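> I would like to see how this sequence folds:
(one chain, ligands or ions: 1)
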Amino acid sequence: MPATVVVGTQWGDEGKGKLTDLVARDMQLVVRYQGGHNAGHTLVVDGQSFALQLIPSGVLYDHITPVIGNGVVVDPVVMLAEIDTLESRGVDCSKLKVSGNAHLILPYHQELDRLIERHLGKNKLGTTKRGIGPTYADKASRVGLRVQDLLDPEIFREKLSAVLAEKNLVLAKVYNRLGFDADEMADRYLSEIAPRVAPYVADTVTLLHESLESGGNILLEGAQATFLDLDHGTYPFVTSSNPIAGGACVGAGIGPRYIDRVIGIAKAYVTRVGSGPMPTELLDETGDRIVDLGHEYGVNTKRRRRPGWFDAVMLRHAVRLNSLSELAITKLDILDTFDELKVCVAYDVDGVRHDHLPYHQSDLFKATPIYETFPGWNCDLSEVRDRSELPANAVTYLEFLQDQVGVPIGFVGTGPGRDQYLEFNS
Ligand code: IMP
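Numbers count the residues shown, from 1 in each chain. Take a look at the predicted model:
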């Protein structure tokens with residue numbers, strides 16, 4: 001079992017943190033491979049809740065080396081603040097490694113993220129405004145600064161002053177804003193931030209390969225999710241990286257032959273934050289109940305998530321895109337009090353049935369869900385730890401999801417705690 005990928009199969013917030021934490025027990029390294037602090041993973045350990053943004057979930061285990069891979073975009077100020085918070089709560093972060101090739105999110109990226117969204121007006125994407133898109137754009141344009149540049153003051157100053165010359169022009173001429181002072185920013189980053197980041201910087205590709213070569217197991221932790229993928233999601237309402245399992249190879253620096261297990265995480269219903277198509281969206285009281293019971297508000301941004309019924313059409317596509325070997329269904333307990341549950345099995349687009357995701361996104365905007373309806377179980381699942389304790393209606397619901405999607409369900413989450421889960425096909 002050299003490398004396992006944990007990937008979100010919907011629009012994010014599927015509860016990947018908890019599942020990663022469970023699977024991580026048998027791993028030596030846990031690696032974030034894309035995204036940045038736009039992610040928010042909540043873990044509840046011994047009654048204490050930890051909200052992680054950038055640091056891999058494995059940090060809570062003493063035996064694990066948490067790794068921020070080359071594909072991640074790193075705001076070093078946020079990284080240090082997260083380390084400080086974790087350490088103040090007794091979590092040792094000294095083993096953390098961050099790739100020298102990871103790109104830096106700098107203040108102008110966040111400023112541009114905000115301004116671009118404002119400029120888009122009603123067409124805005126609803127980004128997290130953390131600077132993710134502008135940082136990946138600079139990476140692709142080859143004007144980004146990387147974590148390793150913090151270790152070379154001369155290079156850092158040179159690159160920063162070249163890039164700010166252009167950014168400041170854009171800020172002034174397009175957005176009528178004041179620019180940033182390159183010397184001031186370089187002084188601050190080199191004196192206050194670089195010395196604190198330096199101990200964590202590593203050649204993470206070599207680290208991963210040395211571990212794999214000596215029989216180690218690696219967990220590749222995706223952030224965001226399949227339908228927020230830059231290439232395969234609902235573009236442009238996506239993030240600027242590749243959360244799908246294939247992205248793990250690029251963002252961590254390992255070849256695909258090492259990956260032998262891909263766990264897709266899906267909530268027992270769906271949510272989405274920000275704009276974009278969502279065929280099963282519930283704009284009624286049922287949706288409000290899901291939001292209330294599931295506490296469906298962003299961990300970091302506090303935004304209300306859009307709720308909807310489970311969408312098997314999306315999931316079938318996620319199985320294909322990620323080569324999922326199994327599914328983990330999270331937050332089943334949130335549906336405990338519903339008399340009736342629906343699962344979308346296909347879409348109707350202008351009178352034509354689609355069992356698979358329509359190729360053209362205009363069709364996705366027009367898609368009307370075709371539902372199958374199930375009776376709820378009307379009892380509390382929070383103490384259930386074994387499949388045999390599940391009410392018959394919950395088993396029927398889960399078996400239906402599994403049949404619709406075509407891969408077995410492994411874990412089922414029944415509450416936020418580390419121990420609140422069962423194995424469905426053990
Ligand atoms: P960005 O990643 O901040 O550029 O935002 C792009 C889109 O991805 C927006 O619709 C965000 O709401 C969404 N997004 C980014 N990160 C997450 C996440 O961790 N969970 C859910 N949605 C996210």
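
> Please report the distance of the closest residue to the ligand within the stretch 151-300 of the chain from Leu125.
Closest approach between the stretch 151-300 of the chain and the ligand, counting by Cβ to the nearest ligand atom: Gly274, at 2.4 Å. (Each C-beta comes from the backbone N, C-alpha and C, glycine too.) Per Cβ to Cβ, to the nearest Å, Gly274 is found 6 Å from Leu125.

> can you check Thr301 too?
13 Å.

> Equivalent analysis for Asp339, please.
36 Å.

> quick one, which of these two is more surrounded?
Shown here are Asp339 and Leu125; by other Cβ atoms under 10 Å, Leu125 has more neighbours (18 against 8).

> Three-state assignment for that one, please.
Counting by DSSP: H, G, I helix; E, B strand; the rest coil, the backbone at Leu125 sits in coil.

> Close to the ligand: what parts of the stretch 201-350 of the chain are there?
Contacts of the stretch 201-350 of the chain with the ligand, taken as Cβ under 6 Å from any ligand atom, map to 223-224, 228, 237, 239-240, 273-274.

> got the residue ranges for the helices in the stretch 251-400 of the chain?
Taking DSSP state H, counting those that start in this stretch, the helices of the stretch 251-400 of the chain run over residues 285-293, 312-322, 361-366, 392-405.

> and the second one, what other elements does it pack with?
The one in question is helix 312-322. With contacts taken as 3 or more Cβ pairs under 8 Å, 6 or more residues apart in numbering; DSSP states H and E, helix 312-322 sits against helix 245-252, strand 259-267, strand 340-349, helix 392-405.

> if we look at that helix, which residues are touching it?
By Cβ atoms under 8 Å, 6 or more residues apart in numbering, the surrounding residues in contact with helix 312-322 are 5, 7, 9-10, 226-227, 229, 232, 244-246, 262, 264, 266, 270, 279, 324, 327, 343-347, 354-357, 401, 404-407.

> repeat for the last one
Residues from elsewhere that reach helix 392-405 (Cβ under 8 Å, 6+ apart): 266, 268, 310, 312, 315-316, 319, 327, 329, 332, 335, 341, 343, 345, 372, 374-377, 381, 387, 390, 408-409, 412, 424.

> Could you pull up the mean pLDDT of stretch 190-208?
For stretch 190-208, mean pLDDT rounds to 98.

> now stretch 419-426
For stretch 419-426, the per-residue pLDDT averages 91.

> same question, stretch 222-230
pLDDT averaged over stretch 222-230 gives 97.

> what helix or strand does Val31 sit in?
Here Val31 is covered by strand 29-32, with elements defined by DSSP states H and E.

> Spatially nearest residue to Val45, not counting backbone neighbours?
Arg418 (5.4 Å; Cβ to Cβ, 6 or more residues apart in numbering).

> Check Ala248 too.
Ala248 sits nearest to Leu220 (Cβ to Cβ, 6+ apart), 4.0 Å away.

> May I have the beta-bridge partners of that neighbour?
Val5, Val31 (DSSP bridges).
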